[in-house]
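# build the 3D model from these lines:
(one chain, ligands or ions: 1)
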Amino acid sequence: MEIKFVENKNKGKLPEASALGFGQYFTDHMFIMDYKDGKGWENARIVPFQNLSIHPASTVLHYGVEIFEGLKAYRRKDGEVQLFRPMENIRRLNRSADRMCLPTIPEDDALEALVKFVSTEKSWVPSAEGTSLYIRPFMFGNDESLGVHAVKNATFVIIASPSGSYYKEGINPVSIMIESEDVRAVRGGTGEAKCGGNYAASNRAGKRAEQKGYSQVLWLDGVERKYIEEVGAMNVMFKIAGEIVTPKLSGSILPGITRKSCIEVLKDKGYKVSERLISVDELEEALKNGTLEEAFGCGTAAVVSPIGELCYKDEKFIINNGKIGETTQMLYDTLTGIQWGKTEDTKGWTYLVK
Ligand SMILES: *Cc1c(COP(=O)(O)O)cnc(C)c1O
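From the prediction side, this is the model:
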């Protein structure tokens, strides 16, 4: 694939690690290409970071046809920069595209675009402990008409944002509220696609949880409101009487790459892992009889996020005395070890960006 390059002559500066936060600063360039009806993907380019100009009737603004991905570039101790399982993100992007009738991107082209872009922005990958360059590929329907139909034109963009350490003051367990009114997704809907619309629909419950002092919501299934699905932007796992249980990918849950990686690491270490339906009643029972040993969310941003408190219908439960459990800590150490190149990658999960 030919990628045109227009250099940003007015380069910015990477802020201090302590000032980074999440998603506030952007690098000097962006990757962009257009999908034109009857022509396919064209005009791949890396250009100075800038506002997009789209038609006021653009599909994305009215009918929400948008998908995205999230992955990170990590700076190793030896100064090299690497990605974590980028092909998994590319394959998921194409599965999300399929679901939304957006055009898919040939895997090799998507990888080339991603790697060339990250290579261009390499100086923006911070090096302080726990920091990374968060990469956000996204695609939206861009027909210039209000007619409702599968889109014929689309735009694919990659932007990147240097981000600070998720855990600045050590790994603090979070408090989570089990949501029993709103639902995030239903089987047959768009829950397993990484699309903006899922987030739009989840904001109300998120806001209510925040007002009650909880950081995120734990979703129940959209049909019976009985089975555990996932937490905010993370998948969820529980350790019940020594066994790891996590909701199976039923069609309404986002298939997380961190989830997949955790399962592989757990199995390697000899844990019994079950992907199955977990009812909220089973969870409540395990909370009450003390067999729920650990609970944690897992996703690219936090890697793992221990859950110290769960609230269900105004009843509060403390998990593992509000502390991170040994299995959660092991997963954190193993995955971050591979991601930042501190431990040997025996799984072939890292991708060196030259
Ligand atoms: C992105 C995302 C996750 C986590 O996926 P990772 O690939 O592990 O980052 C989980 N749930 C939702 C809803 C998401 O959007």
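
# residues of the stretch 1-150 of the chain that sit close to the ligand?
Within reach of the ligand by C-beta under 6 Å from any ligand atom, the stretch 1-150 of the chain has these residues: G70. No exception for glycine: its C-beta is placed from N, CA and C like everyone else's.

# for the ligand, what's the nearest residue on the stretch 1-150 of the chain?
Going by C-beta to the nearest ligand atom, the ligand is nearest to G70 of the stretch 1-150 of the chain, at 5.6 Å.

# my guess is that residue contacts A301. True?
Yes. If you go by C-beta atoms under 8 Å, G70 and A301 touch, sitting 7.2 Å apart.

# quick one: common contacting residues for the two?
Common neighbours of G70 and A301 (criterion: C-beta atoms under 8 Å, 6 or more residues apart in numbering): Y134.

# start and end of stretch 5-17, how far apart?
One end of stretch 5-17 to the other measures 28 Å (C-alpha to C-alpha, to the nearest Å).

# does the residue lying closest to P15 once chain neighbours are set aside belong to a helix or a strand, and which?
Leaving out its chain neighbours, the residue that sits closest to P15 by C-beta to C-beta, 6 or more residues apart in numbering is Y25, at 5.8 Å. Y25 belongs to no helix or strand when assigned by DSSP states H and E.

# Y25: neighbouring residues, count only.
If you count neighbours by other C-beta atoms under 10 Å, Y25 ends up with 18.

# from K248, how far out is it?
To K248, Y25 is 38 Å away according to C-beta to C-beta, to the nearest Å.

# tally of neighbours for D34?
For D34, using other C-beta under 10 Å, the count is 16.

# confirm it sits in a strand?
Yes. With DSSP: H, G, I helix; E, B strand; the rest coil as the criterion, D34 is assigned to a strand.

# contacts only, for it.
Listed by C-beta under 8 Å, 6+ apart, the contact set of D34 reads W41, E42, N43, N142, N153, A154, T155, F156.

# just the buried subset of the residues you listed, written out for ChimeraX, thanks.
Provided next is the ChimeraX selection string for whichever of these are buried by 16 or more other C-beta atoms under 10 Å:
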select :41,142,153,154,155,156
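
# turn the contacts of D34 into TSV, columns for pLDDT and distance to I319.
Shown next, in TSV, are the contacts of D34 (pLDDT from 0 to 100; distance: C-beta to C-beta, whole Å):
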residue	pLDDT	distance to I319
W41	98	47
E42	98	52
N43	98	51
N142	98	45
N153	98	48
A154	98	43
T155	98	43
F156	98	41
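
# which element is E275 on?
Per DSSP H and E: strand 273-276 holds E275.

# sorry, back to before: and the pLDDT for the residue of the stretch 1-150 of the chain closest to the ligand?
Note for G70: predicted pLDDT of 98.

# quick one, phi/psi of it?
When read as degrees, to the nearest 10, the backbone of G70 gives phi -150, psi 120.

# get me the contact residues on the stretch 201-350 of the chain for the ligand.
E230, A233, M234, N235, L254, G256, I257, T258, R259, G299, T300.

# where does Y74 land in three-state SS?
Y74 ends up strand, using three-state DSSP.

# quick one: contacts for it?
V81, Q82, L83, F84, V125, S132, Q339, W340, G341 are the contacts of Y74 under C-beta under 8 Å, 6+ apart.

# backbone dihedrals for the last one, please?
Phi and psi for G341, reported as degrees, to the nearest 10, are phi 70, psi 20.

# hmm, it is touching K77, no?
Yes. Contact criterion C-beta under 8 Å: G341 and K77 qualify, at 6.5 Å.

# what lies in contact with stretch 327-338?
Here stretch 327-338 makes contact (C-beta under 8 Å, 6+ apart) with 84, 171, 239, 244, 258, 261-262, 265-266, 269, 271, 293-294, 296, 298, 303-304, 306, 324, 342-343, 345, 347, 349-350.

# in CSV, list the C-alpha atoms belonging to that stretch.
Extracted as CSV, the C-alpha positions of stretch 327-338 are listed here (Å, rounded to 0.1, in the frame of the first residue of the first chain):
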residue,chain,number,x,y,z
THR,A,327,-4.1,-14.1,41.0
THR,A,328,-4.9,-10.5,39.9
GLN,A,329,-1.4,-9.4,40.9
MET,A,330,0.1,-12.3,39.0
LEU,A,331,-1.8,-11.4,35.8
TYR,A,332,-0.8,-7.8,36.1
ASP,A,333,2.9,-8.7,36.6
THR,A,334,2.9,-11.2,33.8
LEU,A,335,1.1,-9.1,31.2
THR,A,336,2.9,-5.8,32.0
GLY,A,337,6.2,-7.7,32.0
ILE,A,338,5.7,-8.8,28.4
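
# buried ones in it?
Buried-residue list, stretch 327-338, by 16+ other C-beta under 10 Å: T327, T328, Q329, L331, Y332, T334, L335, T336, I338.

# did I read that right, the last one in a strand?
So that's I338. No. Going by three-state DSSP, the assignment for I338 is helix, not a strand.

# sorry, back to before: spatially nearest residue to the residue of the stretch 1-150 of the chain closest to the ligand (excluding sequence neighbours)?
Counting by C-beta to C-beta, 6+ apart, the nearest residue to G70 once its immediate chain neighbours are dropped is T300, at 5.2 Å.
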